[in-house]
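Colleague: Next one to model:
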Amino acid sequence: EAALKLARVLDFLKREQLAGVLIQTSANAEWITGGSCGEGIIIGEIAVIPLLICADGRKYFITGQGKASGLVHDDLRAIGFELKEISWYEDDPGSGCLGAIAQQLTGGGVLGSDKPSAGARFVQDEMAALRVPLTDTEMRKYRWLGKNCGEAMVSVCRLIQSGMTERGLEALLADELLRRAIQPITVEVSADAPVMPASSAFPPGTNKVEKHACARIVARRWGVVVEMTRAVSLGRAADELRRKMVAVAHVNAGFWARTIPDATAGAILQGAIADYAEVEFPDAWRRQPPGGAIGYRERDWVASPGSGRKVQANQTF
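Modeller: Numbering: from 1, shown residues only. Presented below is the predicted three-dimensional model:
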């Protein structure tokens with residue numbers, strides 16, 4: 001996996017005549033390392049240990065003195081990254097030193113960077129394109145992650161009873177994911193009707209389930225991201241809710257059927273708009289983004305009217 005990805009990056013550097021690329025976002029750092037450094041490399045969503053890949057194949061991770069220890073660094077060394085230790089004052093992102101150090105390591109020439117950086121060409125979109133298609137290893141990871149997220153979600157949904165709070169259910173979901181070594185990014189539960197008045201001093205998340213609930217998670221392992229939503233009804237659902245669920249299933253099936261290699265995002269969405277009208281919810285598609293490509297970020301891109309972005313084989317949505 002690491003060799004395939006390095007080959008893609010080196011081909012890109014050669015094609016664009018770049019001396020190297022500086023990687024500073026979690027999506028690209030996790031992708032290029034195959035997630036072998038674990039979630040420990042991520043500090044939030046975009047702050048990572050800077051990585052540098054040179055056009056001649058040399059690879060570095062750049063970090064301040066006294067920080068070059070621990071499992072993350074051992075894992076980076078294991079996949080061929082060499083430590084470039086820098087002074088504490090050079091390690092400050094605001095110092096502007098990182099670009100100069102990268103230039104020094106590459107021996108000069110134009111650099112690419114997946115974050116805006118002085119003297120470097122911004123290549124965020126180009127790096128995102130390199131993450132597709134998924135490798136065989138990544139597809140195995142995705143299947144494991146999807147299956148385990150689904151099982152975690154179902155196990156909690158089956159516990160839901162009337163009177164449970166949104167916040168309590170969110171805690172159960174997060175716990176179930178963490179027990180499976182899956183990192184929760186977003187965990188949301190929405191109960192059907194709040195029992196507290198709007199002026200209540202209770203914080204958000206204390207609404208209680210009465211008849212039904214909706215749970216949503218975004219979760220990550222090995223850098224790859226899964227998102228899913230499940231609806232739960234305590235007893236037979238009301239007729240209007242059943243009508244909406246049947247409509248959702250119809251529209252969702254249409255999305256699946258149209259998401260095939262070389263189809264454009266605009267065409268997929270146009271078909272969905274027709275499906276929404278067919279099930280008598282003609283304006284529902286306008287209320288929120290309909291989804292799109294997912295991978296090492298929650299959204300690599302969102303389907304929008306007229307979009308020419310194409311579906312590729314071995315890509316996730």
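Colleague: For the stretch 51-200 of the chain, just list every one of the strands.
Modeller: Assigned by DSSP state E, counting those that start in this stretch, the strands in the stretch 51-200 of the chain fall at 51-54, 59-64, 82-86, 111-113, 120-122, 183-191.
Colleague: roughly how far apart are residue 119 and residue 9?
Modeller: Between residue 119 and residue 9 the computed distance is 20 Å (CB to CB, to the nearest Å). Every residue, glycine included, has its C-beta placed from N, CA and C.
Colleague: So if I had to pick from these two, which one is more boxed in?
Modeller: residue 9 (23 against 12; other CB atoms under 10 Å).
Colleague: how close does the more buried one sit to residue 35?
Modeller: 16 Å.
Colleague: Find the residue ranges of the chain scoring beneath the pLDDT cut-off.
Modeller: Residue ranges of the chain with pLDDT under 70: 36-47, 65-71, 88-89, 91-96, 193-205.
Colleague: repeat that with 90
Modeller: By pLDDT under 90, the low-scoring segments of the chain are 1-2, 34-49, 63-79, 85-100, 108, 117-119, 192-206, 237-238, 241, 288-291.
Colleague: got the residue ranges for the helices in it?
Modeller: Here the chain has its helices, by DSSP state H, at 2-16, 26-33, 71-78, 97-106, 124-130, 136-157, 166-179, 239-258, 265-278.
Colleague: Now the residue nearest the centre of the chain. Nearest residue, chain neighbours left out?
Modeller: By CA atoms, centre = their mean, the chain has its centre lying nearest to residue 297, at 2.5 Å. Closest residue to residue 297 apart from its sequence neighbours, by CB to CB, 6 or more residues apart in numbering: residue 27 at 4.8 Å.
Colleague: so the one you found makes contact with residue 125?
Modeller: No: look at residue 27 against residue 125 with CB atoms under 8 Å: they stay out of range, at 12.0 Å.
Colleague: Compare those two and say which is more crowded by neighbours.
Modeller: residue 27 (25 against 10).
Colleague: residues contacting that one?
Modeller: 128, 131, 223, 295, 296, 297 (CB atoms under 8 Å, 6 or more residues apart in numbering).
Colleague: would a markdown table of these with distance to residue 308 be doable?
Modeller: What follows is the contacts of residue 27, written out as a markdown table (distance: CB to CB, whole Å):
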| residue | distance to residue 308 |
| --- | --- |
| 128 | 16 |
| 131 | 19 |
| 223 | 27 |
| 295 | 19 |
| 296 | 22 |
| 297 | 20 |
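Colleague: out of those residues, which one sits closest to residue 146?
Modeller: Closest to residue 146 out of those is residue 295 (13.0 Å), distances taken as CB to CB.
Colleague: Just want to check the distance between that closest one and residue 142.
Modeller: 9 Å.
Colleague: Give the residues shared as contacts by those two.
Modeller: Common neighbours of residue 295 and residue 142 (criterion: CB under 8 Å, 6+ apart): 134, 224, 316.
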